[in-house]
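Asks: What follows is a protein structure lacking sequence information:
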């Protein structure tokens, strides 16, 4: 039975009440409080995992982040995407004078007030990001990152009335249809799998009456999935790494080196032209990416000299070296980490904060190097064919 944003289901003698919310809506938070107080459930489930719950309860934890560790563990792109999504949500929340995730906070507080058990029902966000990131390829990653950043820095205003409209199923279906047209592979890990995970956790929650506080986009899926069995272990597995990118990643540099070596043997002058072309294209585009992120001059030089070499070794990336140099020369202060949650509201903040500037340098230097590899590689092949 569905009334407005409230859906009531019965599963094996258990009453399950789903509250579909907009994550930055005042009305959603008020509705959560009202429903929990009225229904007095045994358990309240919230669409949070343990890390996000700890983040909400502890407040600003960015000051504990080790930027060098982030770069070395190759997590700069994932962290930047995480910050970007957080920025979009916080910016809308700020416009409406409400904390982001207020409806989840309200669910936690209301559960404590009535003595209900609290269940964190969502899958770990890092597992979700890993399953997304591992399935969209290099160009998909670049496209997704650019689209997210564009949407964040858009000046378009979103009214609370518009957000409330998003709760209607027709609008959600339209949104998901548009979403999957741009990134069809993302719907499975971001929506479908989490629907299954949430449904399984909700129906396993203790007690005869359960209230679940969820983003409205998950309610239609959970209504279907809650009557099916799902393997939580399978849904939390990290995707196996494909061998194809590694094979291709090694084949391209081997081919480039072989072409240059053959040309050097047959025509040393042309071979030197190929080498210079490879260095200039790779180094220049990576340096430009670092400069766009307002990197230190030495970080820009590092990107220029590292890119032609790292492009020939899939285990290395120019952005890592440029980012590490930037971090050493412009080490973020405690204040930078403390201001991170505020600075990500705007383009200026992203570029001015030393933490996000380092992340931008890593990402943009790597994107520049990838572009330089394509153009430089094509030029190497062109010179090779001209000198056959």
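Replies: Cool, got the structure. Every value quoted in this text rests on a predicted model; they were computed, and no experiment measured them.

Asks: how about the strands in the chain?
Replies: Applying DSSP state E to the chain gives strands spanning 2-3, 6-11, 14-21, 43-46, 117-120, 209-215.

Asks: rank those strands by pLDDT, which is bottom?
Replies: Note on those: lowest mean pLDDT is at strand 2-3, with a mean of 73.

Asks: hmm, back to that, and the strands of the chain as a markdown table, adding mean neighbour count and distance to residue 108?
Replies: Quick note: C-beta positions are derived from backbone N, CA and C, even for glycine. Formatted as a markdown table, those follow (neighbours: other CB atoms under 10 Å; distance: least, CB to CB, whole Å):
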| stretch | mean neighbour count | distance to residue 108 |
| --- | --- | --- |
| strand 2-3 | 10 | 24 |
| strand 6-11 | 15 | 19 |
| strand 14-21 | 23 | 13 |
| strand 43-46 | 27 | 6 |
| strand 117-120 | 17 | 6 |
| strand 209-215 | 26 | 9 |
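
Asks: Residue 237 is nearest to which of those?
Replies: For residue 237, the closest of those is strand 117-120, at 19.3 Å, according to CB to CB.

Asks: quick one: strands adjacent to that closest one?
Replies: strand 43-46 (parallel) (DSSP bridges).

Asks: ok so, going back, dump the strands of the chain to CSV, plus distance to residue 384.
Replies: Shown next, in CSV, are the strands of the chain (distance: least, CB to CB, whole Å):
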stretch, distance to residue 384
strand 2-3, 65
strand 6-11, 64
strand 14-21, 59
strand 43-46, 60
strand 117-120, 58
strand 209-215, 54
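
Asks: So which of those is nearest residue 66?
Replies: Closest approach to residue 66 among these (CB to CB): strand 117-120, 25.4 Å.

Asks: what residues does that closest one touch?
Replies: 42-46, 48-50, 53, 108, 111-112, 201-202, 205-207 (CB atoms under 8 Å, 6 or more residues apart in numbering).

Asks: Out of those residues, list just those in helices.
Replies: Taking DSSP state H as the definition of helices, the contacts of strand 117-120 contribute 50, 53, 108, 111, 112, 201, 202.

Asks: Most neighbours among those, which one is it?
Replies: Neighbour counts for the ones in helices among the contacts of strand 117-120 peak at residue 202, which has 25 neighbours (criterion: other CB atoms under 10 Å).

Asks: Tell me if I'm right that it and residue 16 touch.
Replies: Yes: here residue 202 reaches residue 16: they are 6.2 Å apart, a contact under CB atoms under 8 Å.

Asks: ranges for the helices of the stretch 201-350 of the chain?
Replies: In the stretch 201-350 of the chain, the helices defined using DSSP state H, counting those that start in this stretch lie at 219-225, 232-235, 243-266, 268-292, 297-310, 318-329, 334-338, 340-343, 347-352.

Asks: how about CSV for the ones you listed, with mean neighbour count, mean pLDDT and distance to residue 7 added?
Replies: Converted to CSV, the helices of the stretch 201-350 of the chain look like this (neighbours: other CB atoms under 10 Å; pLDDT from 0 to 100; distance: least, CB to CB, whole Å):
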stretch, mean neighbour count, mean pLDDT, distance to residue 7
helix 219-225, 19, 92, 6
helix 232-235, 12, 91, 22
helix 243-266, 14, 84, 42
helix 268-292, 21, 94, 47
helix 297-310, 22, 96, 52
helix 318-329, 25, 94, 45
helix 334-338, 14, 74, 40
helix 340-343, 19, 72, 33
helix 347-352, 14, 78, 38
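
Asks: closest one to residue 80 among those helices?
Replies: helix 347-352 (9.0 Å).

Asks: longest helix in the protein, by residue count?
Replies: Using DSSP H, we find that the single longest helix of the chain is helix 354-386.

Asks: Quick check: buried residues in it?
Replies: By neighbour count on 16 or more other CB atoms under 10 Å, the buried set for helix 354-386 is 354-373, 375-377, 379-380, 383-384.

Asks: Residues in contact with stretch 320-335: which ones?
Replies: By CB under 8 Å, 6+ apart, stretch 320-335 touches 63, 67-68, 71-72, 74, 76, 286, 290, 295-296, 298-300, 302-303, 306, 310, 353-355, 357-359, 361-362, 365-366.

Asks: tell me the contacts of residue 286?
Replies: 303, 304, 306, 307, 318, 319, 322, 365, 366, 368, 369, 372.

Asks: Output those in JSON lines; the columns should cover distance to residue 220.
Replies: Shown next, in JSON lines, are these (distance: CB to CB, whole Å):
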{"residue": "303", "distance to residue 220": "46"}
{"residue": "304", "distance to residue 220": "51"}
{"residue": "306", "distance to residue 220": "48"}
{"residue": "307", "distance to residue 220": "46"}
{"residue": "318", "distance to residue 220": "44"}
{"residue": "319", "distance to residue 220": "40"}
{"residue": "322", "distance to residue 220": "45"}
{"residue": "365", "distance to residue 220": "42"}
{"residue": "366", "distance to residue 220": "38"}
{"residue": "368", "distance to residue 220": "42"}
{"residue": "369", "distance to residue 220": "42"}
{"residue": "372", "distance to residue 220": "45"}
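
Asks: picking that back up, would you mind giving the helices of the stretch 201-350 of the chain as JSON lines with distance to residue 26 added?
Replies: Below are these laid out as JSON lines (distance: least, CB to CB, whole Å):
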{"stretch": "helix 219-225", "distance to residue 26": "19"}
{"stretch": "helix 232-235", "distance to residue 26": "33"}
{"stretch": "helix 243-266", "distance to residue 26": "45"}
{"stretch": "helix 268-292", "distance to residue 26": "38"}
{"stretch": "helix 297-310", "distance to residue 26": "43"}
{"stretch": "helix 318-329", "distance to residue 26": "39"}
{"stretch": "helix 334-338", "distance to residue 26": "27"}
{"stretch": "helix 340-343", "distance to residue 26": "20"}
{"stretch": "helix 347-352", "distance to residue 26": "25"}
